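**Student:** here is my input, please return the structure:
(chains A and B)
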2 protein chains.
Amino acid sequence: MARETVVDSRQEILRTAARLFQQRGYDATSMNDVAAALKLSKGGLYHHFQSKDEILFEIMDHAMQITEERVLTPVRGIADPEERLRALIRLHIEVVLSPRDREITVMLHENHPLPPALRKRINSRKKEYIHFLENLMAEVQNEEVQNKEVQNKTRQSHSTKNKVSPRAAAFALLGMINWIYQWYKPEGDLQAQNLIPQFTDLIFGGIFA
Amino acid sequence: MARETVVDSRQEILRTAARLFQQRGYDATSMNDVAAALKLSKGGLYHHFQSKDEILFEIMDHAMQITEERVLTPVRGIADPEERLRALIRLHIEVVLSPRDREITVMLHENHPLPPALRKRINSRKKEYIHFLENLMAEVQNEEVQNKEVQNKTRQSHSTKNKVSPRAAAFALLGMINWIYQWYKPEGDLQAQNLIPQFTDLIFGGIFA
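**Tutor:** Alright, predicted model coming up:
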């Protein structure tokens, strides 16, 4: 079997399993159900994944991989912090709303406890993203403070100190974006093209308040 | 058995079940586990609740009850929209961080699918909260627009039109608050007393951006 076919079939298994987990619930879905939906024998499925926990971990890990490739990697190349934050908000919302990836990325919010070693690996990838975002918030706020000070030619003024900390702002943005799956409807009024500018305005208005 | 004792023991069952569901996962926890943790016979537990789904529904319903009693009811009495929104943000964060209620309210985020009739009842209570918040956002924005117009004595100006819609602002705030359980640590730097003013500044800065 060619390498590419193996990768493809692993990803196909993850995508199908993610869809079943969402429709029926993680625990109500058996390895048999996953195999049947893929027209695989149970042995064929176990050839790829040894347990349902392994499938759940691989779905979550793949979701973090998607987030890194589609959000973090492209924005790292943007020099200006404000533009970098604008791009991060846009790209993260696009990943969350992507019809192709939604069934994978939504599984990051599955509450089923993973074995501690696997949970640690997912949590460390999540922490990396949070730290990147927290540092970016700090950079954007600092840049704004410097611009204001140059404009005002004032001595160091307390009025330019931001009241919202980079950490609180980072968690607020993650909450806004990661909560979208709870209310989003493909037929609703709020879609990527109007949600992105509104959430961007909210965050920029908020962190400079 | 007196009425109060019955209510107390039902609530004690819900609280214990909620704690077990979070520690072990909903599906990995059996009715036997719940009964054992409460030192009840299985029959004693089934006397109160006919199924695990019924317990999950009652936990979620109780969580919405708590939110209505501690957030919606007190804020309805506040005449000024801006003060009403400030109070809502504060009270909702306090409910989410309350050590006593956290194990109940966090279950609102359990992804296990409920039977359709029960899911509908929870969803209609959630929708009521969202509509209240959306209307409140609109009121706060309108008040601000009117204040600005009075100050500026301008003809109706497009510059005072808010870019963030009440609906997007409502979902953003709910995401920020309901996501707290994902990152909150009782020993961390971000606690109610500094989180409340920061999230309040973020929202007010954002909706008037």
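**Student:** which SS state does A:Tyr26 fall under?
**Tutor:** coil (DSSP: H, G, I helix; E, B strand; the rest coil).
**Student:** pretty sure it sits against B:Glu110.
**Tutor:** No: contact criterion CB atoms under 8 Å: A:Tyr26 and B:Glu110 do not qualify, at 10.8 Å. All C-beta spots, glycine's among them, are computed from the backbone N, C-alpha and C.
**Student:** so those two - more neighbours on which side?
**Tutor:** Neighbours per residue (other CB atoms under 10 Å in any protein chain shown) separate A:Tyr26 from B:Glu110, with A:Tyr26 holding more: 23 against 20.
**Student:** list the residues that contact the more buried one.
**Tutor:** Contact analysis of A:Tyr26 by CB atoms under 8 Å, 6 or more residues apart in numbering or on different chains lists A:52, A:56, A:110, A:112, B:27, B:111-112.
**Student:** again, only using 10 Å
**Tutor:** Counting by CB atoms under 10 Å, 6 or more residues apart in numbering or on different chains, A:Tyr26 touches A:17-18, A:20, A:52-53, A:55-56, A:107, A:110-112, B:25-27, B:111-112.
**Student:** and it, what's its pLDDT?
**Tutor:** According to the prediction, A:Tyr26 has pLDDT 87.
**Student:** separation between the nearest residue to A:Ala28 once chain neighbours are set aside and A:Arg24?
**Tutor:** Of all residues not flanking A:Ala28 in the chain, B:Asp27 sits nearest, at 6.9 Å (CB to CB, 6 or more residues apart in numbering or on different chains). Distance of B:Asp27 to A:Arg24, given as CB to CB, to the nearest Å: 11 Å.
**Student:** ok so, going back, which residues are in contact with both of A:Tyr26 and B:Glu110?
**Tutor:** What both A:Tyr26 and B:Glu110 touch, as defined by CB under 10 Å, 6+ apart, is the set A:110-112, B:25-26.
**Student:** circling back: overlap in contacts, B:Asp27 and A:Arg24.
**Tutor:** The contact lists of B:Asp27 and A:Arg24 share B:His112, where a contact means CB under 10 Å, 6+ apart.
**Student:** mind telling me what element the most centrally placed residue in chain A is part of?
**Tutor:** Central residue of chain A (CA atoms, centre = their mean): A:Thr67, 5.2 Å from the mean position. Under the criterion of DSSP states H and E, A:Thr67 resides in helix A:52-67.
**Student:** just the helices from chain A, written as ranges.
**Tutor:** A:3-24, A:31-37, A:42-48, A:52-67, A:73-76, A:81-97, A:102-105, A:116-152, A:166-178, A:180-183, A:192-207 (DSSP state H).
**Student:** quick check: angle from the last one to helix A:116-152?
**Tutor:** Orientation of helix A:192-207 against helix A:116-152 (axes from the mean of the first three to the mean of the last three CA atoms, to 10 degrees) gives an angle of 70 degrees.
**Student:** spatially nearest residue to A:Leu72 (excluding sequence neighbours)?
**Tutor:** Closest to A:Leu72 by CB to CB, 6+ apart is A:Phe132, at 6.3 Å.
**Student:** neighbours around the one you found, how many?
**Tutor:** Neighbours around A:Phe132, by other CB under 10 Å: 18.
**Student:** tabulate the shared contacts of A:Tyr26 and B:Glu110 (TSV), appending distance to B:Val95.
**Tutor:** Shown next, in TSV, are the shared contacts of A:Tyr26 and B:Glu110 (distance: CB to CB, whole Å):
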residue	distance to B:Val95
A:Glu110	24
A:Asn111	19
A:His112	25
B:Gly25	24
B:Tyr26	22
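**Student:** walk me through the domains of chain A.
**Tutor:** Chain A breaks down into these domains under automatic domain parsing: A:1-50, A:52-207.
**Student:** look up phi and psi at A:Thr29.
**Tutor:** phi -100, psi 120 (degrees, to the nearest 10).
**Student:** report the angle between the lowest-mean-pLDDT helix or strand in chain A and helix A:52-67.
**Tutor:** Ranked by mean pLDDT, DSSP states H and E, the weakest helix or strand in chain A is helix A:3-24, scoring a mean of 80. Going by the same axes, to 10 degrees, helix A:3-24 is angled at 110 degrees with respect to helix A:52-67.
**Student:** which helices and strands sit right next to helix A:3-24?
**Tutor:** helix A:31-37, helix A:42-48, helix A:52-67, helix A:102-105 (3 or more CB pairs under 10 Å, 6 or more residues apart in numbering or on different chains; DSSP states H and E).
**Student:** now do the buried residues in it.
**Tutor:** Buried residues in helix A:3-24, counted by 16 or more other CB atoms under 10 Å in any protein chain shown: A:9, A:13-22.
**Student:** which pLDDT does the model give A:Glu149?
**Tutor:** Looking at A:Glu149, the pLDDT reads 76.
**Student:** and if you look at A:Ser51?
**Tutor:** On the pLDDT scale, A:Ser51 gets 92.
**Student:** which residues are in contact with the nearest residue to it once chain neighbours are set aside?
**Tutor:** Nearest non-adjacent residue to A:Ser51, counting by CB to CB, 6+ apart: A:Met31, 7.8 Å away. Listed by CB under 10 Å, 6+ apart, the contact partners of A:Met31 are A:17, A:42, A:45-46, A:49-52, A:55.
**Student:** let's see that with 7 Å instead.
**Tutor:** Applying CB atoms under 7 Å, 6 or more residues apart in numbering or on different chains, one finds that A:Met31 lies in contact with A:42, A:45, A:52.
**Student:** look up how far chain B lies from it.
**Tutor:** Separation of A:Met31 from chain B (CB to the nearest CB, to the nearest Å) stands at 14 Å.
**Student:** where does that residue land on pLDDT?
**Tutor:** For A:Met31, pLDDT reads 93.
**Student:** same thing with A:Thr154?
**Tutor:** 54.
**Student:** ok, now A:Lys42?
**Tutor:** For A:Lys42, pLDDT reads 89.
**Student:** once you drop chain neighbours, what's closest to it?
**Tutor:** A:Lys42 sits nearest to A:Ala35 (CB to CB, 6+ apart), 4.9 Å away.
**Student:** residues in chain A within reach of chain B, list them.
**Tutor:** Within chain A, the positions near chain B by CB under 7 Å from any CB of the partner chain are A:24-25, A:27-28, A:109-113, A:163-165, A:167-169, A:171-172, A:174-176, A:178-179, A:183, A:190, A:195, A:198-199, A:201-206, A:208-209.
**Student:** phi, psi of A:His112?
**Tutor:** Torsion angles, degrees, to the nearest 10, at A:His112: phi -60, psi 130.
**Student:** cool, thanks, signing off.
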